[in-house]
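Novice: have a look at this prediction, sequence included:
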Amino acid sequence: MPDLNARSNRTPRHIFFVFLLLALALVSVDQTSKFHAEKNFLNWSHPTEVHHMNTEKQHVFTVGISPSQAYKTGLPTSSITTNWLDFHLTYVRNTGAAWGALSTLPTSVRSPFFTAVTILALAVVGWLFATSHAGQRFYRIGLAFIFAGAIGNFADRIFLGYVIDWIQFHWKVLGWEYSFPVFNFADICINIGVGIILVDLLASELEMRRESIKNESNQ
């Protein structure tokens, strides 16, 4: 667990450079994966209307036997297992937020709104990084993941007018069947970053409580 009061021999400029380098690497992976999805899974697209397109899925794996796998391999429906998990690669143009929220808003309202929200989020991440302690390495790594995820999707909105999603899970477990909204690598980065920060903050809190108990016992 990093010490919040630990001193670092690295200069603030060097630490900021490492932050940007990690974020740039993650953004590169995100944009490359989206280019790959568009190149391989988009068959046809209208030049101006983003909803007029023809895409295809690529099955990656299935845990158990799902309806789609049974249909694809010619198995009888009786072979479908009670619990199963499908993982596909597909191609979706998301004009809204997570789960397609706000996608029905007019473009004149939606685009400025998402731009303002993203710029605000990036500013908050930058402020949190600037005000963090030198010893909070994992905390800063989490911020870099969130920053990269936000930049990856923001670049899509600025240059394309929509966000490319391409990862899809569909499952049925204990009677609960659900098709998770299609997402992308940038979304994964944001969730990983939030997870890292939460774990780091929890670990820091536990460490401070242990130190407090230790100091009280020594008095």
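Specialist: That came in fine, so what should we check first? Numbering: from 1, shown residues only.
Novice: drop to CA atoms for contacts and neighbour counts, all remaining ones
Specialist: Fine.
Novice: ok, the spatially most central residue of the chain - contacts?
Specialist: A centroid search over the chain (CA atoms, centre = their mean) returns Asp187, at 1.6 Å, as the residue closest to the centre. For Asp187, the contact set (CA atoms under 8 Å, 6 or more residues apart in numbering) comprises Gly149.
Novice: please, which helix or strand holds it?
Specialist: Secondary structure from DSSP states H and E places Asp187 in helix 185-218.
Novice: for that helix, what is the distance to the chain centroid?
Specialist: In terms of CA atoms, centre = their mean, to the nearest Å, the centre of helix 185-218 is set 21 Å apart from its chain centre.
Novice: list the buried ones in that helix?
Specialist: 185-187, 189-194, 196-197, 200, 204, 207 (16 or more other CA atoms under 10 Å).
Novice: which one of the residues you listed sits closest to Gly152?
Specialist: Closest to Gly152 out of those is Ala186 (5.7 Å), distances taken as CA to CA.
Novice: quick check, the closest one in contact with Phe147.
Specialist: No - contact criterion CA atoms under 8 Å: Ala186 and Phe147 do not qualify, at 9.5 Å.
Novice: got the phi/psi numbers for Tyr162?
Specialist: Note on Tyr162: its backbone torsions stand at phi -160, psi 170 [degrees, to the nearest 10].
Novice: the residue nearest to it when sequence neighbours are not counted and Val29: what is the separation?
Specialist: Closest residue in space to Tyr162, ignoring its immediate chain neighbours: Thr95 at 4.5 Å, by CA to CA, 6 or more residues apart in numbering. For Thr95, the distance to Val29 equals 21 Å [CA to CA, to the nearest Å].
Novice: repeat for Asp86
Specialist: Note on Asp86: its distance to Val29, by CA to CA, is 24 Å.
Novice: higher neighbour count, these two?
Specialist: Asp86 (21 against 14; other CA atoms under 10 Å).
Novice: the helix or strand where that one lies - contacts with which helices or strands?
Specialist: Here Asp86 sits within strand 84-94, counting by DSSP H and E. Under the contact definition 3 or more CA pairs under 8 Å, 6 or more residues apart in numbering; DSSP states H and E, strand 84-94 sits against helix 12-41, strand 58-63, strand 163-173.
Novice: buried stuff in that strand?
Specialist: Counting neighbours by 16+ other CA under 10 Å, one finds that the buried residues in strand 84-94 are Trp84, Leu85, Asp86, Phe87, His88, Leu89, Thr90, Tyr91, Val92, Arg93, Asn94.
Novice: same deal with stretch 179-186?
Specialist: Buried, per 16+ other CA under 10 Å, within stretch 179-186: Val182, Phe183, Asn184, Phe185, Ala186.
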